[in-house]
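# need a 3D model of the following:
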Amino acid sequence: MSRIGRKPINIPAGVEVKVDGSCVTVKGAKGTLTQKFSSNMNIAVEGTEIIVTRPNDDKENRALHGLTRTLIANMIVGVTEEFKKELEVNGVGYRVQKQGKDLVMNLGFSHNVVVSETEDVKIDVLPGNKIVIHGTDKQKVGQFAADVRSKRAPEPYKGKGIKYSDEVIRRKEGKTGKGK
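Next up is the predicted model:
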């Protein structure tokens, strides 16, 4: 049995979970998330817990068991607390500012890079060239953060670019660092 899949998911107060066949809808204070899962997984709400079971030990069902449970747990966390990713912009002359719903970044190109927030993902800019991306859907927040980071990924020589706040950039020596 899957160790993760066997764990029941606690439903906190203020969260409403509705299971309609293989479709799960979670409604909370921060928003509503709906996701369709494999019809092989049995999802049941029992009191204040959600229990995910699998019909047999086929390889596909074993793979989906823990995944389904984790995705539902992430939906509940998303509608109660929201997920967030923090990015830092490093480099001389690199600046970030928010104009309305747009994130305007000066990243050393001949033009400004503009990224607009969506209805699912919101952007905040903090002093010190920090960007905070937050939303209810973990996958959308992570993908949006990766898209913003890809506008100017950090380079290994000077460390200039956009990086995650907890990311460590491995630095390289330049040409003069070569031993003789």
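
# report all helices and strands that the helix or strand in which Thr25 is found contacts.
In the assignment (DSSP states H and E), Thr25 maps to strand 23-27. Judged by 3 or more CB pairs under 8 Å, 6 or more residues apart in numbering; DSSP states H and E, strand 23-27 is in contact with strand 16-20, strand 32-36, helix 59-80. Just so you know, the C-beta spots here come from the backbone N, C-alpha and C atoms, and that holds for glycine as well.

# in JSON lines, list the ones you listed along with distance to Val96 and mean neighbour count.
Shown next, in JSON lines, are those (distance: least, CB to CB, whole Å; neighbours: other CB atoms under 10 Å):
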{"stretch": "strand 16-20", "distance to Val96": "37", "mean neighbour count": "14"}
{"stretch": "strand 32-36", "distance to Val96": "29", "mean neighbour count": "14"}
{"stretch": "helix 59-80", "distance to Val96": "25", "mean neighbour count": "18"}
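
# closest one to Asn129 among these?
helix 59-80 (26.9 Å; CB to CB).

# which other residues reach the closest one?
2-5, 7, 9, 11-12, 14-15, 17, 24, 26-33, 35, 37-38, 40-41, 43, 50, 52-55, 83, 135-138 (CB atoms under 8 Å, 6 or more residues apart in numbering).

# now do the helices in the chain.
Along the chain, the segments classed as helices by DSSP state H run 3-6, 59-80, 138-149.

# and Glu173, which of those helices is closest to it?
Nearest to Glu173, of all the helices of the chain, is helix 138-149, at 24.4 Å by CB to CB.

# how far off centre is the closest one?
6 Å (CA atoms, centre = their mean, to the nearest Å).

# what helices or strands is that helix leaning on?
helix 59-80, strand 83-90, strand 121-126, strand 130-135, strand 161-164.

# can I get those in CSV including distance to Phe109 and mean pLDDT?
Conversion of those to CSV gives the following (distance: least, CB to CB, whole Å; pLDDT from 0 to 100):
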stretch, distance to Phe109, mean pLDDT
helix 59-80, 34, 94
strand 83-90, 13, 96
strand 121-126, 19, 96
strand 130-135, 17, 96
strand 161-164, 12, 96
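
# same list, the ones you listed, but as JSON lines with distance to Lys101 please.
Shown next, in JSON lines, are the helices and strands packed on helix 138-149 (distance: least, CB to CB, whole Å):
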{"stretch": "helix 59-80", "distance to Lys101": "21"}
{"stretch": "strand 83-90", "distance to Lys101": "17"}
{"stretch": "strand 121-126", "distance to Lys101": "8"}
{"stretch": "strand 130-135", "distance to Lys101": "13"}
{"stretch": "strand 161-164", "distance to Lys101": "19"}
